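> Pasting the sequence and the predicted model now:
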Amino acid sequence: LATPKVETEGTSLEVAGEHLDRKTMLLQMLRECARKLWEPESELLELQMSFLWSLFFIPILPAGIYPTLLALLIEVKFDLSKMVNLRQRPFPESARLVLASERAFSRAAVVGSVGWSLGLSAITYNDDLW
């Protein structure tokens, strides 16, 4: 990506080839500051819960993954438009903590879903249990 060219002479700005008046630019900045903050952690938690929901119910209804994935794709697209158009953008932070927690979540989810699937199979197909 090219760095936007900003000219500060006079009362107008040239940003990325678009001519903006200073007043218009200031109003856009104030509108963005008044927006509710974008909370990436809550969106990540929502995606993780959907992922767990899918992992734990695939052994019960395998065909249910298709509408679930379609719904997740639509949700991600709407979340993206919500982030860009309706919410205040967050300040950049280090992703180290998020990546470490995501790695731990993924490992725990895989182990849990394998245990869940094995447990369901052991209970369902065990003739001596009933």
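In hand now; what should we look at? Please read these numbers as outputs of a predicted model, since none were measured by experiment.
> average pLDDT across stretch 76-88?
For stretch 76-88, the mean per-residue pLDDT is 81.
> May I see the buried residues of that stretch?
Buried residues in stretch 76-88, counting neighbours by 16 or more other CB atoms under 10 Å, are absent. The way it works is simple: take the backbone N, C-alpha and C, and place the C-beta from them, glycine included.
> Helices of this protein, start to end?
22-34, 40-57, 65-85, 96-124 (DSSP state H).
> rank these by mean pLDDT and give me the bottom one.
Checking each of the helices of the chain, the one with the poorest mean pLDDT is helix 22-34, at a mean of 79.
> That one packs against which elements?
Where contact means 3 or more CB pairs under 8 Å, 6 or more residues apart in numbering; DSSP states H and E, helix 22-34 is packed against strand 12-15.
> Need the mean per-residue confidence for the strand it packs on.
Mean predicted confidence for strand 12-15 is 58.
> rewinding a little: tell me which of the helices of the chain sits most buried.
helix 40-57 (a mean of 14; mean count of other CB atoms under 10 Å).
> other SSEs contacting that helix?
By 3+ CB pairs under 8 Å, 6+ apart, helix 40-57 packs against helix 65-85, helix 96-124.
> what separates the last one from the chain centre, distance-wise?
Right, the one you point to is helix 96-124. Helix 96-124 sits 20 Å away from the centroid of its parent chain (CA atoms, centre = their mean, to the nearest Å).
> re earlier: could you dump the helices and strands packed on helix 40-57 to TSV with distance to residue 32?
Converted to TSV, the helices and strands packed on helix 40-57 look like this (distance: least, CB to CB, whole Å):
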stretch	distance to residue 32
helix 65-85	10
helix 96-124	23
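> Out of those helices, which is closest to residue 48?
With respect to residue 48, and counting by CB to CB, the nearest of these is helix 96-124 at 5.8 Å.
> That closest one vs helix 40-57, what angle?
Helix 96-124 and helix 40-57 meet at an angle of 20 degrees, taking axes from the mean of the first three to the mean of the last three CA atoms, to 10 degrees as the criterion.
> and helix 96-124, what other elements does it pack with?
So helix 96-124, by 3+ CB pairs under 8 Å, 6+ apart, packs with helix 40-57.
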